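> Got a predicted structure here, sequence first:
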Amino acid sequence: MSDTVDGRWAEIFGPRYLPVTTILALGVTLFAFNAFLSAAALPSAVHELGGVEIISWATTLYLVFAIVGGAAASLFKRRLGSRYALIGLAIVFLAGTIIAAIAGDMAQVLIGRAIQGFGEGVVAALCFALIPELFPSRLVPKVFGMQAVVWAVAAFGGPAGAGALTELISWRAAFLINVPFVLIFVTMVLLRVPRGDKPADTHGFPGLRLLTIGAGTMLVALAAIANTMQAVMLLVGAAILLIAAVWLDRRSAERLMPPDAFSLRSAVGSGLWAYLLMPVAGAATAVYLIMLLQQLWGYGPTQAAITGAVMAIGWSMSSVTVANVRQRSTRRVLIRTGPLLLALGLILVLLGLEWTQLPVLLVGQLSIGMGFGISNGYIMLTIMEASTSEERDRTSALLPTTQSAGNALGAALAGVAANAAGYPLAVENAEVLAAIIPLFVMAALFALLAFVAAMRLVKLAKVTPLATFAEE
């Protein structure tokens, strides 16, 4: 394999790849839009249906079931093939959407959100599995750059659109806006996604492992809202369950994950650790920054949200920029540099808050975004290339699930750190500023752990045969 890899942006938007690019963009859009939907639409649903005490579960159940669905995605692909798995689980997502939209009480909304999450978790994971199947290696960085831009637009434009629909029509319309997009997605999958190989003959159902993954993820979600001691116990329980799930999977004939998942002795496993730990670190600002800006600096919701969005701008712009990097040696530098930029950005955000310096905070936000943007795509590509052809489906489908798990774990750990430091009881600005120091220091340490994993990935990738895929 040459150390130089080329590819042009025009190709992924050209006649050959545009339909598949559109399918991937729709998959990312649906996941991002619905992950953030609850913030805009559900307060109005609570006003109509009641159930304010369980509103937070609308997001929690969506994310938990999305992680479980993502873990099962490679199984669906092997049993149904790419085309029918995507169509079938898109219909499951659509069913959840309709259940939530016509709900007569909040319990029915939660059922709909859980079904939505499972369906979209599988769809998002399968979209990642399609990338090495349908795009040559030289175009994959461009695909990841496109996805970063789509995610940024959907994550920040989606809630605004949902809010407008809720205000002008109804909160139910914010759910039903998914329907035409799902129908377009299904139609394009029917027309453009190949049937693929004959579905494999598989035996048994990994119910115990999926249940273990779901239970572990639920404990992580509960830890985010528990007091400090309870949260620590819940996180220990979650770690035991998730480690058990990986252990059981390695010994199963019908595996959900590649055999070297999260093993530091392989490039794939080391890369998955880096990909997990970076969102764990980034959760500190994702969870707390907007609230801190309102609390400490008196920002309104819109001003705080715009300031928070600087990270997404840095992520998407840097991801697009580095997609043009051709040299593998330079890509390895980017993989190592990303976690360091993330750690630096977290410290700068903390200093900006402590010193009441907006420019320092904005530079920190840009640094965090660039840390993700310059490295994530090449971490994913290296993981895919280091996988064997037999395991690439499992490996690729595991990527979005790993990122979602990192977001959930990071939110829980951020809550534990902030609560232990006395943040919920802090009233004066000085008390708040003192309480957030452990939060950001912990986040920076996780970024440094991601750097260690990235160094390990780069070292092992140099001695691991890196495959190309879908080459013409």
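Yes, it's here. Numbering: from 1, shown residues only.

> Phi first, then psi, for Gln327.
Phi and psi for Gln327, reported as degrees, to the nearest 10, are phi -80, psi 130.

> again, but for Arg192
With angles defined as degrees, to the nearest 10, Arg192 sits at phi -120, psi -30.

> if I read this right, it contacts Ile23, doesn't it?
Yes. Between Arg192 and Ile23 there is a contact under C-beta atoms under 8 Å: 6.6 Å. The way it works is simple: take the backbone N, C-alpha and C, and place the C-beta from them, glycine included.

> With neighbour numbers in mind, choose between those two.
Ile23 (22 against 15; other C-beta atoms under 10 Å).

> can you confirm the more buried one is in a helix?
Yes. Using DSSP: H, G, I helix; E, B strand; the rest coil, the assignment for Ile23 is a helix.

> Okay, now the unreliable bits of this structure?
Applying pLDDT under 70 to the chain picks out residues 1-7, 36-40, 53-56, 155-160, 196-204, 468-472.

> Check it for its longest helix and report it.
helix 429-462 (DSSP state H).

> Off-centre distance for that helix?
Distance of helix 429-462 from its chain centroid, counting by C-alpha atoms, centre = their mean, to the nearest Å, is 18 Å.

> Report all helices and strands that that helix contacts.
Here helix 429-462 touches helix 267-297, helix 328-355, helix 358-386, helix 392-420, going by 3 or more C-beta pairs under 8 Å, 6 or more residues apart in numbering; DSSP states H and E.

> Give the buried residues for the shortest one.
When neighbours are counted by 16 or more other C-beta atoms under 10 Å, the buried residues of helix 328-355 are found to be 328, 331-335, 337-350, 352-354.

> tell me what that helix is packed against?
Contact analysis of helix 328-355 by 3+ C-beta pairs under 8 Å, 6+ apart lists helix 267-297, helix 358-386, helix 429-462 as its packing neighbours.

> quick check: angle from whatever helix or strand comes next after the first one to helix 328-355?
So the one you mean is helix 267-297. Next helix or strand after helix 267-297 toward the C-terminus (DSSP states H and E): helix 301-322. Interaxial angle, helix 301-322 versus helix 328-355 (axes from the mean of the first three to the mean of the last three C-alpha atoms, to 10 degrees): 160 degrees.

> Show me the contact partners of helix 301-322.
141, 144-145, 148-149, 151-152, 155-156, 285, 289-291, 293-294, 299, 334, 358, 361-362, 365-370, 372-374, 376-378 (C-beta atoms under 8 Å, 6 or more residues apart in numbering).

> hmm, 7 Å instead?
The contact list for helix 301-322 (C-beta atoms under 7 Å, 6 or more residues apart in numbering) reads 144-145, 148-149, 152, 155-156, 285, 289-290, 293-294, 299, 334, 362, 365-366, 368-370, 372-374, 377.

> try stretch 425-433
Residues contacting stretch 425-433 (C-beta under 7 Å, 6+ apart): 295-296, 353-354, 423, 435.

> do the same with stretch 376-388
132, 137, 140-141, 144-145, 258, 267-268, 271-272, 274-275, 319, 323, 331, 334-335, 338, 392, 395-396, 399, 457, 461, 464, 466-467.

> if we go to 8 Å?
131-132, 137, 140-141, 144-145, 148, 258, 266-268, 271-272, 274-275, 278, 319, 322-323, 325, 331-332, 334-335, 338, 392, 394-396, 399, 454, 457, 460-461, 464, 466-469.
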